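[1] Please work out how this folds:
(chains A, B, C, D, E and F)
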Protein chains: 4
Amino acid sequence: MAEHLSADHNTESWALELLALGDEEKMTPKQIAILQAAVDVFAEKGYASAATSEIAQKAGVAEGTIFRYYKTKKDLLLSIVGPTMSKLLAPFVIRNFGNLLDRSFDSYEDFLHALIRNRLDFARKNFKILQILIQEIPFHPSLRNQFMEDIVSKVFERISAHVEHFKQKGEILDVPAPALIRFTVSATIGYIMTRLLLQPDREWNDEEEIELLIRFIMHGIAADPK
Amino acid sequence: MAEHLSADHNTESWALELLALGDEEKMTPKQIAILQAAVDVFAEKGYASAATSEIAQKAGVAEGTIFRYYKTKKDLLLSIVGPTMSKLLAPFVIRNFGNLLDRSFDSYEDFLHALIRNRLDFARKNFKILQILIQEIPFHPSLRNQFMEDIVSKVFERISAHVEHFKQKGEILDVPAPALIRFTVSATIGYIMTRLLLQPDREWNDEEEIELLIRFIMHGIAADPK
Amino acid sequence: MAEHLSADHNTESWALELLALGDEEKMTPKQIAILQAAVDVFAEKGYASAATSEIAQKAGVAEGTIFRYYKTKKDLLLSIVGPTMSKLLAPFVIRNFGNLLDRSFDSYEDFLHALIRNRLDFARKNFKILQILIQEIPFHPSLRNQFMEDIVSKVFERISAHVEHFKQKGEILDVPAPALIRFTVSATIGYIMTRLLLQPDREWNDEEEIELLIRFIMHGIAADPK
Amino acid sequence: MAEHLSADHNTESWALELLALGDEEKMTPKQIAILQAAVDVFAEKGYASAATSEIAQKAGVAEGTIFRYYKTKKDLLLSIVGPTMSKLLAPFVIRNFGNLLDRSFDSYEDFLHALIRNRLDFARKNFKILQILIQEIPFHPSLRNQFMEDIVSKVFERISAHVEHFKQKGEILDVPAPALIRFTVSATIGYIMTRLLLQPDREWNDEEEIELLIRFIMHGIAADPK
DNA sequence: TATGAATGAGTCTTCATTCAT
DNA sequence: GATGAATGAAGACTCATTCAT
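    Okay, here's the model as predicted:
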């Protein structure tokens, strides 16, 4: 699992291997143009305010062409956010053969480091789509369900395994896992959102910030707890 | 400041005093009905997909009546989220006469406790409006600006004052305030969102959870912090 | 029943009394204009090829106005043909109190005479709508069912009563009623359609033609029927 | 003429001989498939609501292929109903060499019998196309003209010849031929439509029904006219 | 003040037809 | 010949907004 949570340049290579089906392979240039234009317009205007005519124009195709590839505007939305939601989940559901898990990370710090870097890279690469996803989840039951059932519960389950593992090793507090996970994930998401959404133009030294964040998560912000 | 960050029953009393102008005073019953209906429909459908006709129907007024009070649909939106955005900010911008701040909280823990309780109560009371606000901020420059300039920067500035205060007292780590604040706020928002949005139906013991959260923020999740 | 099958100038007065609800009373001038325009365009182009924009234009209203009165184009169609279908049926389902039936007509000829005149007048008055009705019945299950169940079977049932009555009186042949009715109705419809549809411009002496038709129905076309 | 009005198994043999040009000879399998699919879809949906894409799919050809054989959708329609309209007319326009007519039928009853059987068989074989034809005649002037000029007037003319013949023989009433023909044809069409369209699932004894129908046409429905 | 009928621009979607392959 | 991707005009329908009452 260390591999698919690594933050190498090919971070998402596993994803491509796993999810390539239906992705931008086997797609015509026009279809790719439609998808990219749709991502842009959905992100800028929001799904409901996005006009298929504008998407078509940005994609350089006739409006009717969109509907050859996607039966409805909603299909277009789902074909964008659906696979990304799966990719969001992917690194957590990779099968860990044998007891790979045990040897995966030497410490919770290492796990955190890989997790944060990996998801930061993922968010950077899929920024607009994630934006669309977050905006639209409340209004599309299918998305909402997929998110709650697949993402929230499965990610929780997987991280839970790690957390319990390190709890048993005595590395982290023996308190309920949900609270631990919520805290960890909140801090991570908070960093990523500030980094990419709130202050994208600030100069960031990611490595330092992540080290600091991990220190916060592990030891808090209280001074010298002696 | 202790007062306006307290979580008493009258938590928002200061808000009423400060922001009453334009609020539900001096409003006709019809206008109040319109606002309430609009909040419901905006929250359920999203601004763009909300029909003014549905709002009118739910409010029990004629379609045209809405436009007597609000020139456009967008005005209606802004009249809902604008004041709430101010209220979101309010507890942080209350003038602290003299050096009230110094004596406000005995410890950062106390400050955190008041902050979390207060904002949780606020979020609970204004749940739907906050939902609308978060949904619409990306699509309305006026909201976006108000949020970035008023909320983000001013809240940051105020919390920053507290943080520096406790940093000088040697209670918290001498690291850049932005990271400290981001971490604190992320953990707080993460709790509130889980509490109200992701798992509202779970049984929550808020007092215990908040205590645990503060312990996390202060001392992290590592076991045996000696 | 002799009354409502009479062919007086006020032939349809009973219908107005019975079916006035929802008819052109309580309608705004615009709604009436829409209905009339729709009848014209549906009859001329057929339902599927009729454009709501053309109906709006002919009615002198905005296109959106149509949809204030009729949720869909199909609703508009049904609101036109539905009531007419009921009126088509009406003269046959009037309650005949007591044994009114027995005394209604002195002979089958009298009955035929009233029937033909009455339905000819009705067809003349509702020519376009009947045209639309016939065109659209095959493609709208709701119309089809209404037609088969209400019209065909109920009209059959009512005429059947008359036929059996005169059969018992020894006026008409003792053969299965369905064949008798089919024959009578076919001859009647054939006359009406030739009269109004195939050769509307020919000069017609309706009274003579109807007398001849009744003679055919009663005694056939063979010469010297001794 | 007795031949082409007979109801033998090869009833339509004359048609094939006469109208084979442009019919299913010299046609590629694809073209035949297109025609058959078009008949099905036109009959089911109506011409205006039929999608060429659906026809192509049902025919197992590409959408573009249809337009290789038929320049427009309307051409496709006309190529279906046009020849059938001719066939509808055919048995009446066969040249009767010499005075064949005189010896054709011994009686008007015989003529009627052949006519009814023949057209019933024809209608059964061409049910869907006749359905399409009747539906579309009002909306296509070319069809309308062809129908009014070719069918109505020519069929009238031919039958008229028979009628006059039997009138002179003293077999049928000496009243205007149009009324006689209209009556005869109405009764015939009424039977065929009931038989095939209104109650196709009922058990029919065609021979008996036809005999009864002829009796009605010849002698009416009045009991014992002595 | 409040109404709600009326508007018409704008939306998504369909589909006959074309044309490069 | 045969394909099917691409087109774009046209269609049904929605909805924020206006205005006479």
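[2] Report the helix or strand with the lowest average pLDDT across chain A.
    Taking mean pLDDT, DSSP states H and E as the measure, the helices and strands of chain A show their lowest mean at helix A:13-19, namely a mean of 39.
[3] After that one, heading C-terminal, what element do we hit next?
    Under the assignment DSSP states H and E, the closest C-terminal helix or strand after helix A:13-19 is helix A:29-45.
[4] just the CA coordinates of that following helix, formatted as PDB?
    As requested, C-alpha coordinates have been extracted for helix A:29-45 and formatted as PDB (Å, rounded to 0.1, in the frame of the first residue of the first chain):
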ATOM      1  CA  PRO A  29     -10.800  14.200 -29.800                       C
ATOM      2  CA  LYS A  30     -14.300  15.800 -29.900                       C
ATOM      3  CA  GLN A  31     -15.400  13.800 -26.900                       C
ATOM      4  CA  ILE A  32     -12.300  14.900 -25.000                       C
ATOM      5  CA  ALA A  33     -12.900  18.500 -26.000                       C
ATOM      6  CA  ILE A  34     -16.500  18.200 -24.800                       C
ATOM      7  CA  LEU A  35     -15.400  16.800 -21.400                       C
ATOM      8  CA  GLN A  36     -12.800  19.400 -20.900                       C
ATOM      9  CA  ALA A  37     -15.100  22.200 -21.900                       C
ATOM     10  CA  ALA A  38     -17.800  20.800 -19.600                       C
ATOM     11  CA  VAL A  39     -15.400  20.700 -16.700                       C
ATOM     12  CA  ASP A  40     -14.500  24.300 -17.300                       C
ATOM     13  CA  VAL A  41     -18.000  25.500 -17.600                       C
ATOM     14  CA  PHE A  42     -19.400  23.400 -14.800                       C
ATOM     15  CA  ALA A  43     -16.700  24.600 -12.500                       C
ATOM     16  CA  GLU A  44     -17.100  28.200 -13.500                       C
ATOM     17  CA  LYS A  45     -20.900  28.500 -13.500                       C
END
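[5] which helices and strands does the helix or strand just after it pack with?
    Going down the chain from helix A:29-45, the next helix or strand is helix A:52-59, by DSSP H and E. For helix A:52-59, the helices and strands in contact under the criterion 3 or more CB pairs under 8 Å, 6 or more residues apart in numbering or on different chains; DSSP states H and E are helix A:29-45, helix A:63-69, helix A:73-93. (C-beta placed from N, C-alpha, C; glycine too.)
[6] Now do the shortest one: everything it contacts.
    When contacts are taken as CB atoms under 8 Å, 6 or more residues apart in numbering or on different chains, the neighbours of helix A:63-69 outside the stretch itself are A:30-31, A:34, A:52-53, A:55-56, A:59, A:76.
[7] Quick check: the residue most central in space within chain A vs DNA strand E, distance?
    Against the mean C-alpha coordinate of chain A, by CA atoms, centre = their mean, the closest residue is A:Leu88 at 3.8 Å. Spatial separation of A:Leu88 from DNA strand E under the definition CB to the nearest atom of the strand, to the nearest Å is 25 Å.
[8] per-residue confidence for that residue?
    In this model, A:Leu88 is scored at 83, pLDDT.
[9] contacting residues for it?
    For A:Leu88, the contacting residues are A:122, A:126, A:130, A:133, A:151, taking CB under 8 Å, 6+ apart as the criterion.
[10] Let's have these in CSV, adding distance to DNA strand F, pLDDT and secondary structure.
    Converted to CSV, those look like this (distance: CB to the nearest atom of the strand, whole Å; pLDDT from 0 to 100; DSSP: H, G, I helix; E, B strand; the rest coil):
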residue, distance to DNA strand F, pLDDT, secondary structure
A:Phe122, 30, 92, helix
A:Asn126, 25, 93, coil
A:Leu130, 27, 95, helix
A:Leu133, 23, 95, helix
A:Ile151, 30, 83, helix
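[11] Identify the farthest-apart pair in those residues.
    Maximum pairwise distance in the contacts of A:Leu88, criterion CB to CB, is 13.7 Å, between A:Asn126 and A:Ile151.
[12] okay, now the residue of chain A found nearest chain D: neighbour count?
    Using CB to the nearest CB, the point where chain A gets nearest to chain D is A:Arg68, with a distance of 11.0 Å. Residues near A:Arg68, counting by other CB atoms under 10 Å in any protein chain shown, number 13.
[13] Can you list the low-confidence ranges for chain A?
    Along chain A, the model assigns pLDDT under 70 to residues A:1-25, A:93-104, A:224-226.
[14] Show me what from it comes close to DNA strand E.
    If contact is defined as CB under 7 Å from any atom of the strand, the residues of chain A in contact with DNA strand E are A:50-53, A:63-64, A:66-68, A:71-74.
[15] Quick one: the helices and strands packed on helix A:52-59 as a markdown table, columns for distance to D:Tyr108 too.
    Formatted as a markdown table, these follow (distance: least, CB to CB, whole Å):
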| stretch | distance to D:Tyr108 |
| --- | --- |
| helix A:29-45 | 70 |
| helix A:63-69 | 61 |
| helix A:73-93 | 66 |
